[in-house]
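In: Pasting a predicted model and its sequence here:
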Amino acid sequence: MAITRSTTRERNGAESQPVGGRAPYAFAPSPAKQAENGAPAVEPAVEAVLPTGPTVLIVDDEPNIRRVLAAVLTRDGYQVILADGGKDAVKKAKNEPILDVLITDFLMPDMNGLETLEAVRKYHGGIRALFISGHGTVRSAVEAMRLGAFDYITKPFDVEQVRETVKRALKSAPLSAPTQISAKSTATETIASPQDVENAPIVLPPGVSMIGDAPATRLLQRRLLAAASSRATVLLLGESGTGKEVAAKLIHEASPRRRGPFIAVSCAALPETLLESELFGHEKSAFTGAAGAKPGRFELADGGTLFLDEIGDIPHITQVKLLRALQEREISRIGGIKSIKVDVRVVGATNRDLWQAVQEGSFRLDLYYRLHVVPVILPPLRERVEDIPALAAFFLDRSAKDNERVFPDGVAPDALAVLAAHDWQGNIRELQNALEYAVVMSPPGRRDIQADSLPDRVCGR
């Protein structure tokens, strides 16, 4: 017996509810053990559980996967709808007033997972999407995240992982998408034009300052905010000094994890002998000098975001443990005998060409694909010259306060012209240092920063 929304409604008396109405969420006990162990499962017995919780649409061309997931989620109290492919999913989505979560296989005969998500979102713009992906299609998760997928799960999957991912997805905010259309709605779908999207205001989270209004900066801000809504691993790429830690903080503060910790680690600043202990922790007497047990950064970041700066400099032996942490979402302390589950969203950053490092054999290919899920490139300062006046004013104000100086007239036009002409190989960090130098070197009593106070390398002297 296939589980459909109409069957669930008839047995719950839900047909008497108005369109768009919903009974309070009520979750049943955890799923049956035979489903978790991969044993042959029967389709969920709706009579035994009265699902009144969120509605989950499961799309997969493999009947056994549909049955197992339906059994597990129905017994957890969800209302379950099954579809054997993308076209079937779109047909059922069109006739449903409410859909909360979409679980879809990526590779299917009629439509792939991306096409299915795009089509379903026409009727349910805020639906949270989870992709089931074979190992050969992990790279396609990049496009899935860009479309707003909450997460992806690789085959063969752990049923418990699916359950926990669905719960987390429901705690996250719905996607911002076109006006939702139900089968009984007469509303017209609103589709934003590219120009509307480009001109729409960008709201950054409180406490995060990413200064600038250049086209390259606005595009970067939009990409970071889009990445923040998922739990996918983000890889920040770009030259040194482009502001990767600021970008990582923006992702954290704009994400559902903003109430959790933000932990930053510079992988290049720690020697190989300490990096593994710093990331994963150690037990007492694990090595000489380990006087007591110590949690690692993964444990400290549980429930939040772990920012791994200069991740391309991680040695091979630590790459293996990092790969396991990303795949299994669990770590083991040095000298420990048990695994520790961690709920951490990883944001990596590097100024290296990781693909070139893979070709040279210094970086693992499987770790590369685990990190390179949602890559975001930070533009160099020379590609966002329009931002230099605002950035210069910001750094001048901060450096003046630190050095107990006052420059009421800001940066003089001649100095701004010099700053705009410089190529900024050190990017934003170099600009910050140039303004601090100018503050220190400006004669007493001067009301503004002039070109003669800037460093020689900036002025070309």
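Out: Now that the structure is in, tell me what you want to look at.
In: Only the C-alpha atoms, please, for stretch 62-72, written as PDB.
Out: This file holds the C-alpha atoms of stretch 62-72, laid out as PDB (Å, rounded to 0.1, in the frame of the first residue of the first chain):
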ATOM      1  CA  GLU A  62      14.200   2.500  -5.700                       C
ATOM      2  CA  PRO A  63      11.200   1.000  -3.900                       C
ATOM      3  CA  ASN A  64      13.200  -0.300  -1.000                       C
ATOM      4  CA  ILE A  65      14.600   3.100  -0.100                       C
ATOM      5  CA  ARG A  66      11.200   4.600  -0.300                       C
ATOM      6  CA  ARG A  67       9.700   1.900   2.000                       C
ATOM      7  CA  VAL A  68      12.500   2.200   4.600                       C
ATOM      8  CA  LEU A  69      12.400   6.000   4.800                       C
ATOM      9  CA  ALA A  70       8.600   6.000   4.900                       C
ATOM     10  CA  ALA A  71       8.600   3.500   7.700                       C
ATOM     11  CA  VAL A  72      11.100   5.500   9.800                       C
END
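In: Pull the distance from it to the chain's centre.
Out: Relative to its chain's centre, stretch 62-72 lies at 28 Å (Cα atoms, centre = their mean, to the nearest Å).
In: Any buried residues in that stretch, and which?
Out: Residues of stretch 62-72 classed as buried under the neighbour-count rule (16 or more other Cβ atoms under 10 Å) are Ile65, Arg66, Arg67, Val68, Leu69, Ala70, Ala71, Val72. Using the backbone N, CA and C atoms, a C-beta is placed for each residue, glycine as well.
In: Please enumerate the strands of this structure.
Out: With strands called from DSSP state E, the chain shows them at 55-59, 79-83, 101-105, 128-133, 151-154, 234-237, 262-266, 281-282, 294-295, 305-309, 330-331, 340-341, 345-350, 374-377.
In: Contacts only, for Glu430.
Out: Gly241, Leu381, Trp424 (Cβ atoms under 8 Å, 6 or more residues apart in numbering).
In: what's the domain layout of this protein?
Out: Following automatic domain parsing, one gets these domains for the chain: 5-171, 196-377, 381-459.
In: possible to save these as CSV with mean pLDDT?
Out: Below are the domains of the chain laid out as CSV (pLDDT from 0 to 100):
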stretch, mean pLDDT
domain 5-171, 70
domain 196-377, 89
domain 381-459, 94
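In: pretty sure Ile98 is touching Thr55, no?
Out: Yes - here Ile98 reaches Thr55: they are 5.7 Å apart, a contact under Cβ atoms under 8 Å.
In: Which one's more surrounded, those two?
Out: Taking other Cβ atoms under 10 Å, Ile98 and Thr55 do not tie; Thr55 has more neighbours (21 against 16).
In: Can you get me a residue count around Ile58?
Out: Using other Cβ under 10 Å, Ile58 has 27 neighbouring residues.
In: partner residues bridging it?
Out: Leu82, Ile103 (DSSP bridges).
In: For Val90, see how far away it is.
Out: 14 Å (Cβ to Cβ, to the nearest Å).
In: Same check on Asn403?
Out: From Asn403 to Val90 the distance is 63 Å (Cβ to Cβ).
In: Same question for His372.
Out: For His372 relative to Val90 (Cβ to Cβ), the value is 30 Å.
In: now swap in Ile211 and tell me
Out: Taking Cβ to Cβ, one finds Ile211 at 43 Å from Val90.
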